[in-house]
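Engineer: coords please:
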Amino acid sequence: MRTRLKAFAIILLSAVFVLGLAACGGGKSNGNGESAGGSGNTAQSGDSGSGETVEIRFTWWGDTARNDLYNAIVDRFEEEYPHIKVKREFGGWADYWDRLATQSAGGNAPDVVSMHQFYVADYAARGALLDLQTVIDSGELDVSLFPEAALDSGRVNGTLVMIPKGITMPGWVYHTATLDKLGIAYPDINWTYDDLIAISRQVVEKSGGTMWGTPDMGGGQLQPNFRYFVRQNGEDLYTEDGKLGFSRDTLVKWWSMWKQMRDEKLIPDAATSAEYDGVPLEQNLFVTGKVALYQIPANQIYLYEQQFPEGEIHMVRMPSLPGGQNGEYLEGAYLSITAQSKHPKEAALFINFFVNSERSLELFKVEQGSPANTDMAEFVKPLLAAPQARAVDFIQTVIPYATSAAYAPAGATEVEAAFKDNATAIAFGQKTVEQAADDFLAAANRILGQ
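Structural biologist: Model prediction:
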């Protein structure tokens, strides 16, 4: 896996992320999304030949701006494929995965689902995702302009179950005008957790207590924040064989750091954190001016900059541990077809349009990372606004730090729920850090069969 991901990083750096893109063969796509180097006409045709109207369902996570963007892409798909109607379903990150898990278990999953590396192994192990090679072989999905390493990133145990929409990297952002107003120096791109705490203290002091330094990132999701910390300690969330990969000591250090910040009132209290959990982007603690530092994926920089009338959004690496290892690993957003789909060919035509058509990519640009289709990465290059180009520059800067990371095993969703529950119990004073660590590890090991 390490060799494969290093190859992926090299390809992305030179080909996918817009600068110095290398052709992988085939001709340029035209305005209708037709590729001279495509694997067949079926994938590019707006006519299935049957004339029968088919309805498929597509679901994604995102904020209001992404919902508008994706609806516009779907509208264009329906214009090109009038016999296929797309029912749209969307929600915030946490709600999305809760709903998808329920739908999948109940046999009512959408045809096309947005997928993520953290969850894909779980769904693949349950047999919930279609082998996409079937629709590649039948001609509905063209991957001829995708680097092989990009396709490899969507394989689980050798089976292609997801196609990358875009590849990105996470980091922490600050608003230049806010820090300028407070008289606080910008963090260095290679800052540390000590710097995070120190800047948070400055924010609280210089704002007169009207702002916190950062949201409480000690709980909630296992990645990217906690996973980076774990990897910086020489561990990972999981082992290659699907077991828990980090120690009790690492978990205690992580939760203790955030408890210290909570006790110093550098981050919001538990009730405030719960109040803002899962709110839309435009209502979160960073955009509303209640915190000065925030963690997001690089592809969202432009969405945040749109929320401020002045200043820019700049990104730095995830905080590091002095003397620790690099935490970076490649991340992306993907599309899958569920095994339950009654219309896999129409679902594949939709994915093909989404990732291969200029009509789609002129809207998508780098919404969830730089396109993996090398022609489309070249196509969006002149369309990028300044904050989007800034995101690509950041991704290029940090990709060389990335190393391999194991896929999350079946049961990862339940493990993450236990992580969140115990972190919340600490925040509300219901458990000590040590008690929560013991309870979480017992639950996680039970879930994973350890």
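Engineer: how is the protein carved up into domains?
Structural biologist: Domain segmentation of the chain under automatic domain parsing yields 2-169+330-384, 170-328+405-447.
Engineer: least reliable of those by average pLDDT, please.
Structural biologist: Across those, domain 2-169+330-384 has the smallest mean pLDDT, namely a mean of 81.
Engineer: which of the residues in stretch 414-432 are buried?
Structural biologist: For stretch 414-432, burial by neighbour count (16 or more other C-beta atoms under 10 Å) applies to 414-416, 418-420, 422-427, 431. For the C-beta atoms, the positions are set from N, CA and C on the backbone; glycine is no exception.
Engineer: I misspoke; the intended subject was stretch 294-310.
Structural biologist: Residues of stretch 294-310 classed as buried: 294-305, 308 (neighbour count, 16+ other C-beta under 10 Å).
Engineer: and if you look at stretch 442-450?
Structural biologist: Of all the residues in stretch 442-450, those buried under the rule 16+ other C-beta under 10 Å are 443-444, 447-448.
Engineer: stretch 152-159 now?
Structural biologist: Across stretch 152-159, burial judged by 16+ other C-beta under 10 Å covers 152-156.
Engineer: please apply the same query to stretch 54-66.
Structural biologist: Neighbour counts over stretch 54-66 (16+ other C-beta under 10 Å) mark 54, 56-63, 65-66 as buried.
Engineer: ok, stretch 184-192 next?
Structural biologist: Within stretch 184-192, the residues that qualify as buried are 184, 187, 191, counting by 16+ other C-beta under 10 Å.
Engineer: nearest residue to the first one in space, please, no chain neighbours.
Structural biologist: Read that as Ile184. Counting by C-beta to C-beta, 6 or more residues apart in numbering, Gln202 is the residue found nearest to Ile184 once chain neighbours are left out, at 5.0 Å.
Engineer: where's that neighbour relative to Leu266, distance?
Structural biologist: Distance, Gln202 to Leu266, using C-beta to C-beta, to the nearest Å: 10 Å.
Engineer: can you check which residues contact both of the two?
Structural biologist: Common contact partners of Gln202 and Leu266 (C-beta atoms under 8 Å, 6 or more residues apart in numbering): Gly213.
Engineer: the more surrounded of these two?
Structural biologist: Applying other C-beta atoms under 10 Å to Gln202 and Leu266 shows that Leu266 carries more neighbours, namely 23 against 17.
Engineer: doesn't the more buried one fall inside a helix?
Structural biologist: No: checked against DSSP: H, G, I helix; E, B strand; the rest coil, Leu266 lies outside a helix; its state is coil.
Engineer: next up, the contacts around it.
Structural biologist: Contacts of Leu266 by C-beta under 8 Å, 6+ apart are 197, 200-201, 203-204, 212-214.
Engineer: determine which two of those are furthest apart.
Structural biologist: The span of these, defined through C-beta to C-beta, is set by Ile197 and Trp212 at 12.1 Å.
Engineer: quick revisit: nearest to Ala271 among the buried residues of stretch 54-66?
Structural biologist: Distances from Ala271 to the buried residues of stretch 54-66, taken by C-beta to C-beta, are shortest for Asp63, at 23.4 Å.
Engineer: now the buried residues of stretch 442-450 in CSV, with secondary structure?
Structural biologist: Output for the buried residues of stretch 442-450, formatted as CSV (three-state DSSP):
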residue, secondary structure
Ala443, helix
Ala444, helix
Ile447, helix
Leu448, coil
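Engineer: ok, the residues you listed vs Tyr401, which is closest?
Structural biologist: Nearest to Tyr401 among the buried residues of stretch 442-450: Ala444, at 27.5 Å, using C-beta to C-beta.
Engineer: ok, what's across the strand from the nearest residue to Leu130 once chain neighbours are set aside?
Structural biologist: With sequence-adjacent residues excluded and distances taken as C-beta to C-beta, 6+ apart, Leu130 is closest to Ile337, at 4.2 Å. Ile337 forms beta bridges with Val112, as assigned by DSSP bridges.
Engineer: Ile337 and Val112 touch, don't they?
Structural biologist: Yes: taking contacts as C-beta atoms under 8 Å, Ile337 lies within contact range of Val112: 6.0 Å.
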